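1. Could you work out the structure for the sequence below:
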Amino acid sequence: MDSILIWDSEDKPPKVDAKLVLWRAFPNHLTLHAISIPNLIEANAVEFKERYLAYVYELGELQISGLRLIDHLELRPGFSFWWMNQIVESDYGKSPQLFNAIAILAFADWAKNRLIDRIILATANRSLCESLRMWCKAKEVIFEWQQITPNTDQKFNMRRIYTMLPPALQAVSFLLRYTLKHWSLRGAGLHSWRRSQGSITFISFLANLDPKAINEGRFMSHYWAQLPDTLINIGLKTNWLHLYVNNPLVPSVRKAINLMHNFNQKGAGKQNHVTLDSFLSVRVVLRAFIDWGRMALRARSLMSRISNSPQPLAYLSPLLARDWQESCFGRNAMHSALYYNLFEAAVNTLSKQRIGVFLQENQVHEMALIHAWRSAGQGTIIGVPHSSVRFWDLRYFSDPRTFEHRGKNAMPMPDAVALNGQAATETYCSGGYPKKQIVQVEALRYQHLADVQSRRMRSLRSKILPMKLLVLGELLERDTHNQLCLLEEAASMVPHDLAITIKPHPVCPLQPQDYARLDMTVVNEPIEQLLHKCDVAYTGSITSAAIDAYLTGIPVVSMLEPRRLNLSPLRGYAGVYFVSNAADLTQALVKILATYTMTTPDQEFFTLDEDLPRWRELLT
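-> Sure thing, here's the model as predicted:
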């Protein structure tokens, strides 16, 4: 019989007379014989992904008093609030326990044929503790929790006080703050919206805009590239419904109001722009509050009955409890109810539309949009994933049985999904998405790669030192910090000189003095210009900029982050170096210098054609 120590900490594990399992770390020279949960996940990724998606599906289908859980949460006839739940969305950014849910599936699979008499869990994560305690109880294994003090900032500030409030108070507080902050957007652009003669509506974020175009009063979004101008040139009038999010180019509500005015003036009737918050009203806010209250009461009455019902993989429930709470009677529940009512007001105010096109990330607000669109009697609605589709980005995947059920309260799905190339198409199809609802179009955000992808082999570069290393920063400060710390450690071991250039993420500025051991230059040039000056691209585990480097023929080295799933868009692609420690990074750079052949992939990743013939056919 074995004793197991599960080590869920960034500190060095102790020497104990037990089998060591690293919960969120890769083995190193001190832990060579340890079991690494991140390695187990990647070894059987398809199986664990399918099992988790099956669990979410079966939870929704759980029968309680003769009704499915989905049906108990019906918000409008034919639409269930279940589809706006974080458990269904499975967003790695919103669900902090998503990695742990997959990790415990990997651990259970590893442990199923082993004789274990005791498990010691060293962690600060109470939810993980409860989950493993349930697993041990079912397996009749002794469980012991060695509680680790979390390394968190204990300072009291407004945000910390807010998170300490009961979920219902957080929800009401959110509604008041949101309404006060966005109220001045009410009515912005509505005059043009109501008089619009356009028959195609785009729903998009008011972000990723072109700075030069903003200064000229023109609408230009990198999400849609040249498509808006192309539609104007072929005589199609369009409507644009923008979701306002605070960002460096639109830092305030006042700026958003000015943009709506400028865009409509410049559009001269060919484009009509409005924000979702333009439809704020006392009626919308009251209806959102009532809808939230109804769903919160139902969810609260269901909680004990769910926990007492037989469920497959019941030990996952403590890890998803916070998502259920947030989605049913917390802040996110209120946000979802408000979004639904805003979309209802927006599409009911709009004249009959032939086509609706929205950025598809399978976020909860998209479910509200699709149902509100159809309920208003509008035309075809099309989802557009604007970037790559990552294997572990579970927002884009559901259990295949979800797609087959088209009866009462079925999951809202667009009439078609416009995918930007063969890579995304294969990923969708492998996940069971109905092929008949997939159409391929040009990749709007990646047209600058058209010239590169037309060439399958680039010339062999000369081995002139120093090696030019381009670092592509991540969205989150912690991820970029970990990335650079690993490079600091490796740089001293690389047997040749490095010329390091870093392009930080636009919302994550960098202070070079924080990394004194690295002689690096910080730049903000467009990535397509930087790639032609570098030899190697070094990325984090999420950024989609890795694709630009890969398709340009630049060798890509990607750092794996053991605290999360491998969210790299290049996961599974040949010729990409994934590293988890300084030795791996050093070895990858040495190997690249030794070979130095630069090639673009044989398969077509994106569909590229600057004339956009597929988009023209789809929309006309």
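2. and after the helix or strand encompassing residue 261, which helix or strand comes next?
-> According to DSSP states H and E, residue 261 maps onto helix 253-267. Of the helices and strands lying after helix 253-267 in sequence (DSSP H and E), the nearest is strand 271-275.
3. Now do whichever helix or strand comes after that following strand: distance to the chain's middle.
-> Using DSSP H and E, the helix or strand that follows strand 271-275 in sequence is helix 282-307. Remark: helix 282-307 is offset 26 Å from the chain centroid, using CA atoms, centre = their mean, to the nearest Å.
4. again with stretch 213-222
-> Counting by CA atoms, centre = their mean, stretch 213-222 comes out at 26 Å from the chain centroid.
5. give the contact list for residue 504.
-> 473, 480, 510, 522, 524 (CB atoms under 8 Å, 6 or more residues apart in numbering). Where C-beta positions appear, they are placed from N, C-alpha and C, glycine not excepted.
6. Just the ones of the residues you listed in strands?
-> Mapping those onto strands (DSSP state E) picks out residue 522.
7. Next, the buried residues of stretch 36-48.
-> 36, 37, 38, 39, 40, 41, 42, 45, 48 (16 or more other CB atoms under 10 Å).
8. What of stretch 604-620?
-> Buried, per 16+ other CB under 10 Å, within stretch 604-620: 605, 606, 607, 608, 612, 614, 615, 616, 618, 619.
9. Nearest to residue 405 among those?
-> residue 618 (27.2 Å; CB to CB).
10. Okay, now the unreliable bits of the stretch 351-500 of the chain?
-> Counting by pLDDT under 70, the stretch 351-500 of the chain shows low-confidence ranges at 451-464.
11. Could you do the stretch 51-200 of the chain as well?
-> Using pLDDT under 70, the stretch 51-200 of the chain drops low at 151-158.
12. just to revisit the earlier point, just put the buried residues of stretch 604-620 in JSON lines and tack on pLDDT.
-> Below are these laid out as JSON lines (pLDDT from 0 to 100):
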{"residue": "605", "pLDDT": "86"}
{"residue": "606", "pLDDT": "91"}
{"residue": "607", "pLDDT": "93"}
{"residue": "608", "pLDDT": "91"}
{"residue": "612", "pLDDT": "96"}
{"residue": "614", "pLDDT": "97"}
{"residue": "615", "pLDDT": "97"}
{"residue": "616", "pLDDT": "96"}
{"residue": "618", "pLDDT": "96"}
{"residue": "619", "pLDDT": "95"}
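13. Restricted to helices, list the residues you listed.
-> Among these, the ones falling in helices (DSSP state H) are 614, 615, 616, 618, 619.
14. what about residue 359, distance to residue 444?
-> 11 Å (CB to CB, to the nearest Å).
15. Spit out the residues that contact these two alike.
-> 223, 386.
16. if we can go back for a sec, want to throw the buried residues of stretch 604-620 into CSV with distance to residue 390?
-> Below are these laid out as CSV (distance: CB to CB, whole Å):
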residue, distance to residue 390
605, 13
606, 15
607, 18
608, 20
612, 25
614, 23
615, 24
616, 29
618, 24
619, 27
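17. Among these, which one sits closest to residue 402?
-> residue 618 (25.2 Å).
18. so who does that closest one touch?
-> With the criterion set at CB under 8 Å, 6+ apart, residue 618 makes contact with 382, 418, 439, 441.
19. Weed out the non-buried ones from those.
-> 382, 418, 441.
20. would the first one count as being in a strand?
-> Yes. The assignment for residue 382 by DSSP: H, G, I helix; E, B strand; the rest coil puts it in a strand.
21. Quick check: the gap between residue 398 and residue 353.
-> 27 Å.
22. go on, residue 175?
-> Relative to residue 353, and taking CB to CB, residue 175 is found at 29 Å.
23. do the same with residue 530
-> 40 Å.
24. go on, residue 406?
-> Distance from residue 406 to residue 353, by CB to CB: 23 Å.
25. Show me which of the two is the more surrounded one.
-> residue 353 (20 against 8; other CB atoms under 10 Å).
26. Does the more buried one touch residue 199 like I think?
-> Yes. Under the criterion of CB atoms under 8 Å, residue 353 lies in contact with residue 199, with a separation of 5.8 Å.
27. Which residues are in contact with each of these two?
-> Both residue 353 and residue 199 are in contact with residue 379, where contact means CB under 8 Å, 6+ apart.
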